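Asker: Test case, fold it:
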Amino acid sequence: MSTSDPAPVPLREPLPRVLWSLLFGNFVIGTGVMVVPGTLNDIGTSLAVSVAVAGQLITAAALMMFVGAPLLASVVAGWDRRRLLALSMLWYAVFLGLSALMPDFGSLLVVRVLAVISPAIFTPQAAACIGLLVSPAQRGRAITFVFLGWSVASVVGMPLGAWIGGTLGWRASFGFVALLSFFSAAWVWRSLPDGIRPPAFSRAAWGETLQSRALMLCVVVTLLYSAGQFVLFSYFAPYFKLHLQATPLALSLLFACFGAFGLLGNVVMSRHIDRIGASRAVMWAVGSMALSLLLWPLANTMALAALVCVPWGLGCFASNSAQQARLVGIAPALASGSIALNSAAMYAGQALGAGSGGWLIAQGNMDDLHWFGLLGLLAAMGMSAWASRQPPHQFR
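Answerer: Next up is the predicted model:
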């Protein structure tokens, strides 16, 4: 070979196949979390409650996940991840199945809160154990790959759940996700090796995590953009039914379009995050969502609504993938705690956004939901810029 020949481009090492079961688990988790927004109209009609009251299913579940993610991270610290993740999916299956049998709103609310203990465990703990399954060079790509499951849930699971709910009723949608959860539990059990135990997260490690300004500002970023989204996203179904007389099929197609761009955004993020850096990736994703809410007044037909939602879809799931990679990059040894706190912030934001949106609707301000959401996203961008200026984390 002459000295003028270009150097060969090294091929990226393929990700291990075990990550597919974690991706599918996140797909099922995401589908189960988003099944309520997709079936909110039918839940309200079936159980004789208002849209604002039915929306509290989202708020209460998000509050449980907010409390559960960091608390359970300590409780399950020493568990073998094969058993932990498989059992969490089995729990999901059982309580989603029970949800479909509940006779009234009060009992559904209680069982729903118990069901979402599983998302509080699965998503953060699956992400935290990735470092033991891949090389350090693959970590950012592996985390975003596993989180693709949430994007696939938005493009396949949520529209399918909304369509099933619109044609067969919300109980059928919950039962459908319960069946998927049983399959996911079996796949995780068969694919994960024994002995995957991330280091136990000690009280000292929690203290170091909570005292890290860089980590905590990133967690606040997640809280703000999650709240900003869910002010409006929680009420897509009643919003479009009221303003555009959307049929179940039209609503399902809108969710599918939203999810398709969510998947595309996460794929792009997975391929380029290691090159552009996680901080810039987060800013891009949140700014993309803010653009949609700025343009929301133009969404006066279903076709235009789908078009306006494109930037939102591109940034929706990519933002959290980038945030998880960002947290791991800041302090890899604290990933179990920081990712659990990030998940808690995401769920707290959902609770805050859904609760605020429900209050605004009860006050007759449904048309203003997008402006309140935009404020949350702009605040998240400002906080993200501040977080980027913090010095690197120093371990004691």
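
Asker: Low-confidence ranges, the stretch 1-150 of the chain, go.
Answerer: 1-12, 140 (pLDDT under 70).

Asker: residue boundaries of the strands in it?
Answerer: Using DSSP state E, counting those that start in this stretch, no strands are found in the stretch 1-150 of the chain.

Asker: Which stretches in it count as helices?
Answerer: When assigned using DSSP state H, counting those that start in this stretch, the helices of the stretch 1-150 of the chain occupy the ranges 19-38, 40-46, 51-54, 56-75, 81-99, 105-115, 117-128, 139-152.

Asker: got the buried residues for the first one?
Answerer: Within helix 19-38, the residues that qualify as buried by neighbour count (16 or more other C-beta atoms under 10 Å) are 19, 21-38. (Each C-beta comes from the backbone N, C-alpha and C, glycine too.)

Asker: And for the fourth one?
Answerer: For helix 56-75, the buried set under the neighbour-count rule, 16+ other C-beta under 10 Å, comprises 56-66, 68-70, 72-74.

Asker: same thing with stretch 330-343?
Answerer: By neighbour count with 16+ other C-beta under 10 Å, stretch 330-343 contains the buried residues 330-331, 333-343.

Asker: Check stretch 264-278 too.
Answerer: Neighbour-count burial for stretch 264-278 [16+ other C-beta under 10 Å]: 264-266, 268-270, 273-274, 277-278.

Asker: What is the most widely separated pair among the residues you listed?
Answerer: By the measure C-beta to C-beta, 264 and 277 form the most distant pair in those, at 20.4 Å.

Asker: quick revisit: now the two most distant members of the buried residues of stretch 330-343.
Answerer: Farthest apart among these by C-beta to C-beta are 333 and 343. That separation is 18.2 Å.

Asker: Name the nearest residue to residue 353, sequence neighbours excluded.
Answerer: Distance criterion C-beta to C-beta, 6 or more residues apart in numbering; nearest residue to residue 353, sequence neighbours excluded, is residue 230 at 2.9 Å.

Asker: Apologies, that question was intended for residue 248.
Answerer: The shortest distance from residue 248 to any non-neighbouring residue, by C-beta to C-beta, 6+ apart, is to residue 166 (2.4 Å).

Asker: didn't residue 254 look like it was pressed against residue 304?
Answerer: No. Counting by C-beta atoms under 8 Å, residue 254 stays clear of residue 304, with 10.9 Å between them.

Asker: So for the two, which sits in the more crowded spot?
Answerer: residue 254 (22 against 13; other C-beta atoms under 10 Å).

Asker: Can you list phi and psi of the more buried one for me?
Answerer: Residue 254 adopts backbone torsions of phi -60, psi -50, taken as degrees, to the nearest 10.

Asker: and the closest residue in space to it that isn't next to it in sequence, how many residues sit next to it?
Answerer: Using C-beta to C-beta, 6+ apart and skipping the chain neighbours, the partner closest in space to residue 254 is residue 306 (5.5 Å). Residues within reach of residue 306, counting by other C-beta under 10 Å, total 20.

Asker: pLDDT averaged over the strand or helix carrying residue 306 - what is it?
Answerer: Using DSSP states H and E, residue 306 falls within helix 302-330. The average pLDDT within helix 302-330 is 88.

Asker: what is the orientation angle of that helix with helix 19-38?
Answerer: In terms of direction (axes from the mean of the first three to the mean of the last three C-alpha atoms, to 10 degrees), helix 302-330 departs from helix 19-38 by 130 degrees.

Asker: Helix 302-330: what's the following helix or strand?
Answerer: helix 335-362.

Asker: The next helix or strand after that following helix vs helix 302-330, what angle?
Answerer: For helix 335-362, the following helix or strand on the C-terminal side (DSSP H and E) is helix 369-388. Using the same axes, to 10 degrees, the inter-axis angle of helix 369-388 relative to helix 302-330 is 20 degrees.
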